[in-house]
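Visitor: Task: produce atomic coordinates for the following.
(chains A and B)
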Amino acid sequence: MSKYVIIGGSAGGIGAVEAIREVDPMGELTVISEEPFPQYSRPMISEYVSREATLETMKYRGDQFWKNNNVQTHTGRAAVKMDFTKKQVELEDGTKIDFEKLLIATGGKPFVPRMKGGEKDGVFTFTELSSAKGLESKLEQCKSGVVIGGGLIGVSAAEALVKRGINVTLVELKEHILNLILDEKASEIAEKVLTEAGVTVITGQTVQHILGKQDNEDAVGGVVMTDGTEIPCDLVVVAIGVIPRTELVKETDMKLNRGIVVDRFMRTNIPDVYACGDVAEAHDFLLDGNRLLPLWPLAHMGGRVAGYNMAGKKAEYAGGTVMSSLKYFDLPVIAVGNVNPEELDNYEVMVEHQPEKTVYKKILLKDGAIAGFIFLGDLEKAGIFFRLLKNHVDVSEIKDRLLSEDFGIITLPESIRQKMFVVN
Amino acid sequence: MKQISIKEEACIGCGLCQVYCIIEHSKSKDPIKAYRREQPRPVSRVRVETNKPYSISIRCQQCKDTPCVYACLSGAMTLDKETGLVVHDAEKCIGCWTCIMVCPYGAIKPDTSSKIVAKCDLCPNLEVPACVANCPNEALVCEEVKQ
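Guide: Down below sits the predicted model:
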């Protein structure tokens, strides 16, 4: 019997361990992690592949994190069976662990569509260290690669490959890369930056199937695009997205939508069972509803909230929303909220574009509050806007000044400042 | 823990806090060398905001809820439990800008030349932080507060 059991040793699991130990330094705590590695920063996979980080430097917490927090770990073994009535988890080697409180932080798995040739040697994903290690070690024998998916992960993969001297083609099914995060204009700027860095960007198409090499049918030799074009390459990175790893609870009474549905306390519908991170559908403060938001910071925050509640300290999850910061190809971008609303008539849009400085800023207002923004090339004050957005603050009074160079905390009306921007 | 606070009514918006912040975080600690010769020049971890006739000097506020710590992708931003201060480890920072996205004061600076962030560290090598010591109108005060 372990008082607390956490399945998953990444952002959510780490956050939960830290929170539990703040409240309960002694209660028996077990972490089950399928990955056979120590805890690491998953977003740093790009740095690992580009050789800017090593397994040592990509550790998210210090060496002895689990030990220092008095955690019993089961690494390299998957949890395969769940019995909520007995309050018991079973691992693949048959070990059974009883729990009082359970956190499911199993994360997401890379979505790999079925395609002909998908099983060939040289096809990788980019969100798991094991696959990234395979990719990293193969790069020295590779000249060119195709990245499928022009989202955040795809762009991060493209950058890592470029840094390793690989000739990269990035393929995005929609008309623009990064289309879930950016608007058309910002995507165009990003596309231009990628192209200048040597990446061939193909949009409006995808890879139909993967070809073998002439002398070795089992190894990746190229791809065939939707329009029939063939692109020779030595490797393919599939970076389309992640889907919640819900297999463990599929056959149970747990309430699932696309992910595990949790309330503001990260509780599932099963008593004493919590979920967080990429596997969970948690609160979105802009939507005022639940949704999948597979983002590291939100997984970590959700894990903390779950941890506190598991240990008996009431905590409420403030929620997240679509929120991304990008650094790839030296193009700094922060984009938050709804930047491509369907009913644009309900929004007031303010834009500032300085092409010579590669600065592009856009703010969308709805009913006087900030509903979304993109800051490209000039990030410093983005966080002020994030707080205004998160708190649904009516900014009508100062809207004409939001994009001015000297905008700052001092621009905010006294009433807003006193409430949420108290400067010491 | 140490805390820098500002008397808004005394701030004249001169910007010297920014200048001395840059000098203190430079290699040479010399104003002319820091400004003229050091490439890349360090960024100021303080920002003077002006809305005439008012001005304020803004830096890391050491938020109790530490949003930057929880958002950090690499583990570079941590809360030092002993001092209660948010500490940035430049070695561990990958410059992902996520902390900037969630800093409500816009107090974390993107240092685009070194490709990492910089924030107020309360000048650990000085008795009194450089911005406070050199504020000509005593608008900045450094004092010990309870954690």
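
Visitor: can the lengthiest helix in chain B be found next to chain A?
Guide: Longest helix in chain B by number of residues, with DSSP state H as the criterion: helix B:16-24. No: counting by CB under 8 Å from any CB of the partner chain, chain A has no neighbours in helix B:16-24; the shortest distance is 13.0 Å. Every residue, glycine included, has its C-beta placed from N, CA and C.

Visitor: Show me what that helix packs onto, helices and strands only.
Guide: Counting by 3 or more CB pairs under 8 Å, 6 or more residues apart in numbering or on different chains; DSSP states H and E, the packing neighbours recorded for helix B:16-24 are helix B:31-36, strand B:47-51, helix B:130-133.

Visitor: and the angle from it to strand B:47-51?
Guide: Per axes from the mean of the first three to the mean of the last three CA atoms, to 10 degrees, the angle that helix B:16-24 makes with strand B:47-51 is 160 degrees.

Visitor: so what's the nearest residue to A:Leu173 once chain neighbours are set aside up against?
Guide: Nearest non-adjacent residue to A:Leu173, counting by CB to CB, 6 or more residues apart in numbering or on different chains: A:Thr206, 4.5 Å away. Contact analysis of A:Thr206 by CB atoms under 8 Å, 6 or more residues apart in numbering or on different chains lists A:148, A:171-173, A:225-226.

Visitor: Taking the centroid of the chain, which residue is nearest it?
Guide: No chain specified, so I'll use chain A. A:Leu295 (3.1 Å; CA atoms, centre = their mean).

Visitor: Oops, wrong one, chain B.
Guide: B:Cys120 (2.3 Å).

Visitor: residues contacting that one?
Guide: B:4, B:21, B:45-46, B:59-60, B:107, B:129 are the contacts of B:Cys120 under CB under 8 Å, 6+ apart.

Visitor: Pull the most distant pair out of those residues.
Guide: B:Ala107 and B:Pro129 (14.1 Å; CB to CB).

Visitor: what's the nearest residue to B:Thr112 if we skip its chain neighbours?
Guide: For B:Thr112, the spatially nearest residue (CB to CB, 6+ apart) is A:Pro332, at 6.9 Å.

Visitor: got a list of what that neighbour touches?
Guide: So A:Pro332 contacts A:325-326, A:376-377, A:379, B:97, B:110, B:112 (CB under 8 Å, 6+ apart).

Visitor: where's the residue located most distally from the centre of chain A relative to chain B, distance?
Guide: Distance from the C-alpha centroid of chain A peaks at A:Asp215, with 38.2 Å (CA atoms, centre = their mean). Going from A:Asp215 to chain B by CB to the nearest CB, to the nearest Å gives 39 Å.

Visitor: how does chain A divide into domains?
Guide: A:2-109+A:242-310, A:112-238, A:332-420 (automatic domain parsing).

Visitor: sorry, back to before: out of the helices and strands packed on helix B:16-24, which is the most enclosed?
Guide: helix B:130-133 (a mean of 22; mean count of other CB atoms under 10 Å in any protein chain shown).

Visitor: neighbouring contacts of that one?
Guide: Applying CB under 8 Å, 6+ apart, the set of residues contacting helix B:130-133 is B:4, B:16-18, B:20-21, B:23-24, B:46, B:57, B:59, B:123, B:126, B:140-142.

Visitor: in the stretch 251-400 of chain A, which spans are helices?
Guide: For the stretch 251-400 of chain A, the helices defined by DSSP state H, counting those that start in this stretch cover A:296-310, A:382-390.

Visitor: nearest to chain A, of the contacts of B:Cys120?
Guide: Closest approach to chain A among the contacts of B:Cys120 (CB to the nearest CB): B:Ile4, at 6.8 Å.

Visitor: which residues touch the closest one?
Guide: Neighbouring residues of B:Ile4 by CB under 8 Å, 6+ apart: A:424, B:59, B:120, B:122, B:129, B:131-132, B:140-142.

Visitor: Who does A:Val123 form a beta bridge with?
Guide: For A:Val123, the beta-bridge partners under DSSP bridges are A:Val236.

Visitor: Read off the pLDDT value for it.
Guide: Note for A:Val123: predicted pLDDT of 97.

Visitor: So it sits against A:Ile210, correct?
Guide: Yes: with contact defined as CB atoms under 8 Å, A:Val123 reaches A:Ile210; the gap is 6.5 Å.

Visitor: Quick check: neighbours shared by the two?
Guide: Jointly contacting A:Val123 and A:Ile210 under the rule CB under 8 Å, 6+ apart are A:117, A:220, A:236.

Visitor: ok, those vs A:Asn68, which is closest?
Guide: For the shared contacts of A:Val123 and A:Ile210, the nearest to A:Asn68 is A:Val236 (40.4 Å; CB to CB).

Visitor: How many neighbouring residues does the closest one have?
Guide: 26 (other CB atoms under 10 Å in any protein chain shown).

Visitor: show me the residues around it that make contact.
Guide: With contact taken as CB under 8 Å, 6+ apart, A:Val236 is in contact with A:122-124, A:145-148, A:207, A:210, A:220, A:223.

Visitor: Name the nearest of those relative to chain B.
Guide: A:Val147 (19.3 Å).

Visitor: give me phi/psi at that closest one?
Guide: The phi/psi pair for A:Val147 (degrees, to the nearest 10) reads phi -100, psi 120.

Visitor: Wait, it touches A:Asn167, no?
Guide: No: the criterion here is CB under 8 Å, and A:Val147 misses it with A:Asn167 at 11.5 Å.

Visitor: Between those two, which has more neighbouring residues?
Guide: Neighbour count, other CB under 10 Å: between A:Val147 and A:Asn167, A:Val147 has more, with 31 against 17.

Visitor: give me the beta-bridge partners of the more buried one?
Guide: Going by DSSP bridges, A:Val147 forms beta bridges with A:Leu170, A:Val237.

Visitor: Next up, the contacts around it.
Guide: A:154, A:157-158, A:161, A:168-171, A:236-237, A:239.

Visitor: In TSV: those, plus pLDDT.
Guide: Below are the contacts of A:Val147 laid out as TSV (pLDDT from 0 to 100):
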residue	pLDDT
A:Gly154	98
A:Ala157	98
A:Ala158	98
A:Leu161	98
A:Val168	98
A:Thr169	98
A:Leu170	98
A:Val171	98
A:Val236	98
A:Val237	98
A:Ala239	97
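
Visitor: Kindly indicate which of these lies nearest chain B.
Guide: Distance to chain B, by CB to the nearest CB, is smallest for A:Ala157 among the contacts of A:Val147, at 15.2 Å.

Visitor: so who does the closest one touch?
Guide: Per CB under 8 Å, 6+ apart, neighbours of A:Ala157: A:46, A:49, A:126, A:147, A:237, A:239.

Visitor: can we see that at 7 Å?
Guide: Residues near A:Ala157 by CB atoms under 7 Å, 6 or more residues apart in numbering or on different chains: A:46, A:126, A:147, A:237, A:239.

Visitor: Look at residue 113 and say how many residues are nearby.
Guide: Answering for chain A, as no chain was given. 10.

Visitor: wait, chain B
Guide: Applying other CB under 10 Å, I find that B:Ser113 has 11 neighbouring residues.

Visitor: My guess is it contacts B:Pro42. True?
Guide: No: B:Ser113 is not in contact with B:Pro42 according to CB atoms under 7 Å; the separation is 9.3 Å.

Visitor: Common neighbours of those two, please.
Guide: Joint contacts of B:Ser113 and B:Pro42 (CB under 7 Å, 6+ apart) do not exist.

Visitor: I'd assumed B:Glu138 was in a helix, is it?
Guide: No: B:Glu138: not assigned to a helix; according to DSSP: H, G, I helix; E, B strand; the rest coil it is coil.

Visitor: coming back round to it: could you flag which of the contacts of A:Thr206 are buried?
Guide: A:148, A:171-173, A:225 (16 or more other CB atoms under 10 Å in any protein chain shown).

Visitor: Tell me where the model's unsure across chain B.
Guide: With pLDDT under 70 as the threshold, chain B has no low-confidence stretch at all.

Visitor: Nice, that's everything, thank you.
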